[in-house]
Each structure stands twice: as structure tokens, then as C-alpha cells.
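**Q** how would this look folded up:
(3 chains)
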Amino acid sequence: MLSAGPTPQISTEVWNFSVTTETGEVRRWNWAELNALSVERTTVDLHCVTKWSKLATTWEGVSLDTLLDGVETSAEYAVASSYGGYTTNLPLEDLLDGKAWIAVRYDGEPLTPEHGGPARLLVPHLYLWKSAKWVRGIRLLNDDEPGFWESVGYHNYGDPWREQRYWGD
Amino acid sequence: MARAKILGRLTWRVATVAAVRDETSSARTIVLDVPDWPGHLPGQHVDVRLTAPDGYSTQRSYSIASAPEGNRLELTVDVLPDGEVSPYLARVLSVGDPLEIRGPIGGWFVWDPEKPEPVQLIGGGSGVVPLMAMIRARETVGAQTPFRLLYSARGPETIFYRDELRRSSENGSGLSVTYAYTREVPQGWERPPGRVDASLLTQITWAPEQEPISFVCGPTGFVETVADLLVSAGHDPARIRTERFGPSGGGS
Amino acid sequence: MTEDHIDGNAAGGALSDVFAVDLTAATGQCSSCAQSLALAEALLYTQAPGLIARCPGCEEVVFRLVRGPGRAWLDMRGMTCVQFELADS
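**A** Residues are numbered from 1 along each chain as shown, chains lettered A, B, ... in the order given. Take a look at the predicted model:
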């Protein structure tokens, strides 16, 4: 499993997830509150930038449409941040319309810390480094802000179908 | 002189397998012939690159086991379960095959034969490989630097270079070798199987007052534990050099 | 301390693609906690799209190296004032 540092060990008792808008408004969920929302099941293909793909993986999670429902924003960009300090950026529209989830189960089982648990972002239409493991929050921004890999050579958008791996691809 | 060997940008070069030699049931020494090999320092490593017919390529770092000697270079490779590179190197590669390497690499985990201070080598499993290069280099240059090797392994069957280590430690040149077994011990062995601990280290390593330089190599957990124990025992952290090995490159 | 990292020493080959001097023995200061370290002593994470070296003291990132076809990217802002061993000419 890809990891840019020590694997964070976050208990669900202290875990929380927040959405912060460009004006500083914060919505926050603890583990119980997140799991009380509508949890969807989705089967998707994953594309890793190191060239492998894994087809038909099954996840359960809360759609970002649910979490962002009613949030007042005119932001066009988002940055997901993780326990352990990892960040990744993407256009806000790539989180909407059934394209992204905060995943809490993989293949019917809770996510282990090695697989990004308790919860990870799942954005299967982009390269897997965008699906931040150990996710703890999403900030909505007026201006784009390159994340951990996007600031050191990796493509800002990361569309696997256009093989957008590196800067300029 | 020694310094010149670590200067310069490195490029990939093609070595040829000159011989292979089994060390244990899962590990093998590969003798490479490398045209224009610039020489190396004991403790340095090389990167090995394998490329599949479809262009997919992957690389790993392997410590050099041999003392500097002309165009010859030896690596000892242990098969890792689920390894991507090691099973090929340790089981498939044959005499006459080409192998892409880049090196020598590293100026930190190296022993300088001109330094007089006693040397403490502590290896876990195949972490003994770069330490063996130091022992061999010491012999090649005829140095009398006091050396102690503590070699921790799962059991007697997993020990590399056993006969050579016996000969080198019995020739009166000042090398002592101690084995510590973590899972299985030979019959009549004085210590029950177990991990290297504070009492064993105190018993067989140089005292901090003798200001040894320590080289510790092995799996990450082993190196962390041993380095912490050495510091607790009063050794200067600046005189402890470590090399951890673990998963490397690609994968998921 | 987790066991998923190796030593910065293992980045020597990748760095030698870029630098004419050996960088593993180079020393510098962590920008976050000011600890002095040799690059060889950094905690190196390789199971990732690039190489990431972290400070053994505070675990902040000291350098990142990404290698793409025909290109490389290096970010060393986590390490200040790197000192190299260099022979006098």
C-alpha cells in the first residue's frame, strides 16, 4: 500500500472529519455521526500511477454529495488533508455528482490503518494518489493549491484515461 | 584516493554473472564481472534494475559483499516472500546472464581501513552482507583493527559465510564472531533462542569507553532496537551507523 | 516507531542521477526541528510514487524526489544548509 510516511493509528473514538468553506465556515462529523448518514455501496476500478489497475473493487462510504449538501460556497477547488500531514488537491466538481466518497469499508470489512482507515477519500476516476488515505478534512478554496505529490512533479489533475502522471503530461 | 571513488554522477552499466554460489537454502551469492568497475568502499551498495519485455522496470538496492578487487563484485541475495526482484536474482539468474547495475553508492555506511578505532559490527539476517565486505576488506589490506561481529539469525541453517567467518576469526588477526539465534539454537548452545538484548550487547560488544564505531544493519525493527540499546548503554549516537533494509520501490 | 521505512542511504542511487557528489554523507539541518542529520540517517519511505525522506527526530519531510521518464523533481525545502564533503582541487 502506498504510504508517504508512518501509518497513522487513529481510533474511531477520536476520529473526525470536517468540511471548511472558503469563508471559514466549518462542518464537522465524528465517527458515529458520519456512519449515521446514508452509507452507499459502490463498485469501482482503481488506477495506480505506478501502472497497475485493480478492477471491480467494492467500497462502502458516504457520498461527498451528502456531506456537501447545503454548504454555501462559490469555491472551485478543494484540498483533502489527512492524519499524518498528506494533502491532495482537485477541482470541487470532481467531488460532486456521485464521483467521490468518504469510504469506511472495503470488501465488506472496516478499513485497516494500512488501507487508509478509519476512513479514506475515494475518487476512483482520478489516479489513486488523489484518494487520500486517513482523510480528516476537505477545504474548499477559491484558488487551486497543489498538494503533496502535485507540488513535486505529479500531474495537477491526474486523469488515468489521459495518462496524466507528471507535470505537462 | 578513497574519496575519488564516490565522486561522479552514476550511470547504469551492464554486468555479467561470472558465478553463483548458494549460501543457504534461500540465499545465493552472485559474482559479477563489471567492466571498468571503479572500485568501491566496504559498506557501499549498488542498485540493480530488472526490465521486463513490456518495458516495465523495477529496481532494488543490494549491499556489496566483497572487498574491492578489480572488476569483480559479489552480492548476496536472500529471497523475500512475495519479492519482485529477489526470487529472480536468487533462483533464476545464471552464469553468463547480463545484469544492469548502478554504483557504487553511499558514503555514510562505510568503513575506512585507515581509521584505528575498534569496530563493532552487528548484523541481523542478511544485514550481515555489508559487514562481510568490511571484514573482507580488513583482511585484504592486512589491517589489525580490532573487529567484533555480532550476527543475529533465525537459526544455524540461515547463517551466511560460516566457514569463511570461522577461518577469519581463528587466524589470530583480531576478529571475533558471536552468533545469536532468535528461533532455533544448535544442540548444547549456551543461550536460549531470543532477540538481541541489553545483556548480550554488554557482554560481547566494545565498552563505550573504548570509543568503537558501530555498524548496525538488518531489518528496520532490528536496527531500531539495537541502536536504541547501544545508545542506552552509553555509546555516542554519532558513532553508530545504521542501515535498515525493507520493502523498496514500486509495489502498491 | 513504525517499521515501514528504510535509511536515507538507500536514496543514494536515485540522488546520484542528479548530483555529482555523494549526498548520503551530506549533512544538513531539519527545517522543522533544527536537528542536524546526515541524509543517510533520514527515514526513507519508498512504497510511494516517489522517495520521501523524513527527519528521524520530528518525522517531518526533509526531501522528496520524484523520477519520471526523462525527468526528475527534487524538493529539499525541509532541509537547510546542506554540507558536502568535497576534495580540494
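
**Q** what's the neighbour count on residue 124?
**A** Using chain A. 21 (other Cβ atoms under 10 Å in any protein chain shown). Placement of C-beta: from N, CA and C, glycine included.

**Q** the intended chain is chain B.
**A** 27.

**Q** repeat for the one 5 residues further on
**A** Here the count is done by other Cβ under 10 Å, and B:Val129 has 29 residues near it.

**Q** quick check: closest non-adjacent residue to residue 101.
**A** All of this refers to chain A. Leaving aside its sequence neighbours, A:Trp101 sits nearest to A:Gly61 (Cβ to Cβ, 6 or more residues apart in numbering or on different chains; 3.6 Å).

**Q** could you do chain B instead?
**A** Going by Cβ to Cβ, 6+ apart, B:Ile101 has B:Val46 as its nearest residue, at 4.7 Å.

**Q** how near is that neighbour to B:Arg21?
**A** Note on B:Val46: its distance to B:Arg21, by Cβ to Cβ, to the nearest Å, is 18 Å.

**Q** what about these two, which has more around it?
**A** Neighbour comparison, B:Val46 and B:Arg21: the larger count goes to B:Val46, with 28 against 11 (by other Cβ under 10 Å).

**Q** how about the residues of chain C by chain A?
**A** Residues of chain C found near chain A (Cβ under 8 Å from any Cβ of the partner chain) are C:1-2, C:4-5, C:45, C:47-50, C:52, C:54, C:59-61, C:64, C:66, C:68-69, C:71-75.

**Q** how about 10 Å then?
**A** Proximity of chain C to chain A, by Cβ under 10 Å from any Cβ of the partner chain, involves residues C:1-5, C:43, C:45-52, C:54, C:59-61, C:63-75, C:77.

**Q** buried subset of those residues?
**A** Neighbour-count burial (16 or more other Cβ atoms under 10 Å in any protein chain shown) is assigned, among the residues of chain C next to chain A, to C:2-5, C:43, C:45-52, C:54, C:59-61, C:63-68, C:73-75.

**Q** quick one: contacts for residue 54?
**A** Answering for chain A, as no chain was given. A:Val44, A:Asp45, A:Leu46, A:His47, A:Cys48, A:Leu128, B:Ser252 (Cβ atoms under 10 Å, 6 or more residues apart in numbering or on different chains).

**Q** my question was about chain C, not that one.
**A** A:4-6, C:5, C:8, C:30, C:32, C:42-45, C:60-64, C:78.

**Q** show me those that map onto strands.
**A** C:Cys30, C:Leu43, C:Leu44, C:Tyr45, C:Val61, C:Val62, C:Phe63, C:Arg64 (DSSP state E).

**Q** as TSV, those residues with distance to A:Asp94 and pLDDT would be great.
**A** Listed next are the ones in strands among the contacts of C:Arg54 as TSV, based on distance: Cβ to Cβ, whole Å; pLDDT from 0 to 100:
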residue	distance to A:Asp94	pLDDT
C:Cys30	35	95
C:Leu43	32	91
C:Leu44	32	91
C:Tyr45	27	91
C:Val61	26	95
C:Val62	31	95
C:Phe63	30	93
C:Arg64	24	95
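
**Q** and those, which is closest to A:Tyr166?
**A** A:Tyr166 lies nearest to C:Arg64 out of the ones in strands among the contacts of C:Arg54, by Cβ to Cβ, at 13.9 Å.

**Q** ok, back up a step: show me which of the contacts of C:Arg54 neighbour chain B.
**A** Near chain B, judged by Cβ under 10 Å from any Cβ, the entries from the contacts of C:Arg54 are C:His5, C:Gly8, C:Leu43, C:Leu44, C:Tyr45.

**Q** pull the contacting residues for the first one.
**A** The contact partners of C:His5, taken as Cβ under 10 Å, 6+ apart, are A:3, A:5-6, B:220, B:224, B:244, B:246-247, C:42-47, C:52-54, C:56, C:59.

**Q** cutoff 6 Å now
**A** With contact taken as Cβ atoms under 6 Å, 6 or more residues apart in numbering or on different chains, C:His5 is in contact with C:Leu43, C:Leu44, C:Tyr45.

**Q** tabulate those residues (CSV), appending distance to A:Asp65.
**A** Below are these laid out as CSV (distance: Cβ to Cβ, whole Å):
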residue, distance to A:Asp65
C:Leu43, 39
C:Leu44, 39
C:Tyr45, 34
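
**Q** from those residues, pick the one nearest B:Asp54.
**A** Distances from B:Asp54 to the contacts of C:His5, taken by Cβ to Cβ, are shortest for C:Tyr45, at 27.2 Å.

**Q** so the closest one versus C:Asp4, what's the distance?
**A** As for C:Tyr45, its distance to C:Asp4 is 7 Å (criterion: Cβ to Cβ).

**Q** re the thing from before, select from the contacts of A:Lys54 the one having the most neighbours.
**A** Top of the contacts of A:Lys54 by neighbour count (other Cβ under 10 Å): A:Leu128, with 23 neighbours.

**Q** how many neighbours does the residue lying closest to A:Ser11 once chain neighbours are set aside have?
**A** Once flanking residues are discounted, A:Ser11 sits nearest to A:Pro118: 7.9 Å by Cβ to Cβ, 6+ apart. Residues within reach of A:Pro118, counting by other Cβ under 10 Å, total 25.

**Q** wait, A:Pro118 sits on A:Val14?
**A** No: taking contacts as Cβ atoms under 6 Å, A:Pro118 lies outside contact range of A:Val14: 9.8 Å.

**Q** need the overlap of contacts for those two.
**A** Common neighbours of A:Pro118 and A:Val14 (Cβ under 6 Å, 6+ apart) do not exist.

**Q** so where is the chain shaky, pLDDT-wise?
**A** Just so you know, I chose chain A. Low-confidence segments of chain A, defined by pLDDT under 70: A:1-3.

**Q** looking at chain C here, not the other one
**A** For chain C, applying pLDDT under 70 flags the ranges C:1-3, C:89.

**Q** how about the helices of it, start to end?
**A** Shown for chain C, the helices assigned by DSSP state H span residues C:12-16.

**Q** now for residue 38: which residues touch it?
**A** Picked chain A for this. A:Thr66 are the contacts of A:Ser38 under Cβ under 6 Å, 6+ apart.

**Q** wrong chain, I was asking about chain C
**A** B:Trp108, C:Thr27.
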